[in-house]
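[1] Below: sequence and its predicted model.
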Amino acid sequence: MVCCILSAGKERYYGMNLLHLRYFVELAHTQHYTRAAEQLCITQPSLSHAIAQMEGELGVPLFEKRGRNVALTHFGQQFLTCAQQTLATLDDGVDALRRVGRGEGVIRLGLLRTLGVDFVPGLASRFLAANPEKNIRFTFHTGVTSQLLEGLQAHRYDLVFSSRPAPEMGFTSIPVEQQDLVLIVPRNHPLARLHTVDLADTLPYPQVYFSKGSGLRDVIDGLFDQIGERPHIAYETEEDQVIAGLVAHGFGIAVVPYMEMLLRLEVKILQIVRPVWERNFYMVTDDRAFQSPVVRQFRQFILDGTSL
């Protein structure tokens with residue numbers, strides 16, 4: 001193996017190989033040619049030749065004789081530090097890549113906050129339980145759909161879970177979870193006496209609405225398009241949990257995805273009977289980018305458990 005070192009804008013090439021570096025380190029530790037050769041499972045002449053070749057290339061002596069033993073020269077001591085660091089870095093890199101090849105490593109997930117309560121943590125937990133012998137870690141990053149898709153495009157995430165597919169960005173999107181859309185109103189609201197509602201019944205009342213950065217904005221706009229009407233938007237925000245909190249404090253009514261947290265708020269949950277709509281969540285990947293074996297395995301694990 002030829003080593004290339006960049007220094008002061010110039011390239012310098014050395015013919016010594018990595019085995020020679022290991023020979024040098026072993027001899028530096030044993031300080032005896034015969035014992036070092038035995039540890040390395042090579043002949044003493046082969047070791048002597050390798051060291052002589054290194055000294056010839058470097059232009060300085062690395063060892064000096066001391067009786068039957070050898071000791072590092074001042075130059076050898078300097079070079080030992082460099083050689084050990086180089087071999088340690090290389091060994092760490094080789095070990096890391098071998099772990100990746102065995103299906104280990106880090107899986108970087110981007111997800112909507114609403115999926116971070118149960119769905120995505122459940123997937124990650126079951127995947128880890130199915131692979132107890134492997135060193136696998138997850139990182140979790142939350143955001144709105146537009147942010148998640150931008151992060152996937154910038155290769156900050158391996159997989160994202162979003163509220164809309166993105167074929168225009170060249171991504172592969174697969175529905176993996178469904179969530180009903182419901183209407184929530186304050187408990188003292190006129191609509192609170194109902195259990196189901198037609199979307200047209202919401203038109204007289206101010207609404208807390210998803211902002212244009214949210215993937216749900218287009219979805220809910222599509223619902224109102226189906227009935228040929230536009231809602232009275234009083235407030236806008238990106239997060240469904242924030243919308244629920246605003247409704248609970250009387251800022252308006254809202255169409256939101258059903259979440260368990262709604263049961264803990266001072267809101268009435270109404271089923272929307274017209275138009276009928278079901279929200280899909282998508283696992284989105286960029287198949288043009290490299291995916292490590294563990295990412296591919298996790299993706300297949302999700303697909304094997306999805307019935308949508």
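    Sure, I can see it.

[2] What number of residues are in the vicinity of the closest residue to residue 70 other than its chain neighbours?
    Distances taken as CB to CB, 6 or more residues apart in numbering place residue 63 nearest to residue 70, at 4.3 Å, with adjacent residues excluded. The C-beta positions use only the backbone N, C-alpha and C, and glycine is treated the same way. Residue 63 has 20 neighbours, counted by other CB atoms under 10 Å.

[3] Bridge partners for residue 63, pull those for me.
    Applying DSSP bridges to residue 63 yields these beta-bridge partners: residue 72.

[4] Residue ranges in this protein under the pLDDT threshold?
    1-16, 100, 102-103, 307-308 (pLDDT under 70).

[5] Tell me which stretches of it form helices.
    In the chain, the helices defined using DSSP state H lie at 18-30, 33-40, 44-58, 74-101, 119-130, 145-153, 215-226, 240-248, 293-304.

[6] Looking at those helices, which is nearest to residue 186?
    Of all the helices of the chain, it is helix 240-248 that lies closest to residue 186, at 6.3 Å by CB to CB.

[7] quick one on the thing from earlier: tell me who's in contact with the residue nearest to residue 70.
    27-28, 51, 70-73, 76 (CB atoms under 8 Å, 6 or more residues apart in numbering).

[8] separation between it and residue 179?
    Between residue 63 and residue 179 the computed distance is 71 Å (CB to CB, to the nearest Å).

[9] again with residue 153
    25 Å.

[10] So if we follow the domain assignment, how does the chain break up?
    3-101, 106-175+281-304, 180-278 (automatic domain parsing).

[11] From the chain's centroid, how far away is the last one?
    With CA atoms, centre = their mean, to the nearest Å as the basis, the distance from the averaged C-alpha position of domain 180-278 to the chain average is 32 Å.

[12] Stretch 75-95: which residues count as buried?
    For stretch 75-95, burial by neighbour count (16 or more other CB atoms under 10 Å) applies to 76, 79-80, 83.

[13] Mind exporting the C-alpha coordinates of it to PDB?
    Below are the C-alpha coordinates for stretch 75-95, written out as PDB (Å, rounded to 0.1, in the frame of the first residue of the first chain):
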ATOM      1  CA  PHE A  75      13.700   9.700  15.500                       C
ATOM      2  CA  GLY A  76      12.200   6.300  16.300                       C
ATOM      3  CA  GLN A  77      10.400   7.700  19.300                       C
ATOM      4  CA  GLN A  78       9.000  10.400  17.300                       C
ATOM      5  CA  PHE A  79       7.900   8.000  14.500                       C
ATOM      6  CA  LEU A  80       6.400   5.600  17.100                       C
ATOM      7  CA  THR A  81       3.800   8.100  18.100                       C
ATOM      8  CA  CYS A  82       2.800   8.800  14.500                       C
ATOM      9  CA  ALA A  83       2.700   5.100  13.700                       C
ATOM     10  CA  GLN A  84       0.500   4.200  16.700                       C
ATOM     11  CA  GLN A  85      -1.900   7.000  16.000                       C
ATOM     12  CA  THR A  86      -2.100   6.000  12.300                       C
ATOM     13  CA  LEU A  87      -2.800   2.300  13.000                       C
ATOM     14  CA  ALA A  88      -5.300   3.100  15.800                       C
ATOM     15  CA  THR A  89      -7.200   5.400  13.500                       C
ATOM     16  CA  LEU A  90      -7.200   2.800  10.700                       C
ATOM     17  CA  ASP A  91      -8.200   0.000  13.000                       C
ATOM     18  CA  ASP A  92     -11.100   2.100  14.400                       C
ATOM     19  CA  GLY A  93     -12.200   2.900  10.900                       C
ATOM     20  CA  VAL A  94     -12.100  -0.700   9.800                       C
ATOM     21  CA  ASP A  95     -14.000  -1.800  12.900                       C
END
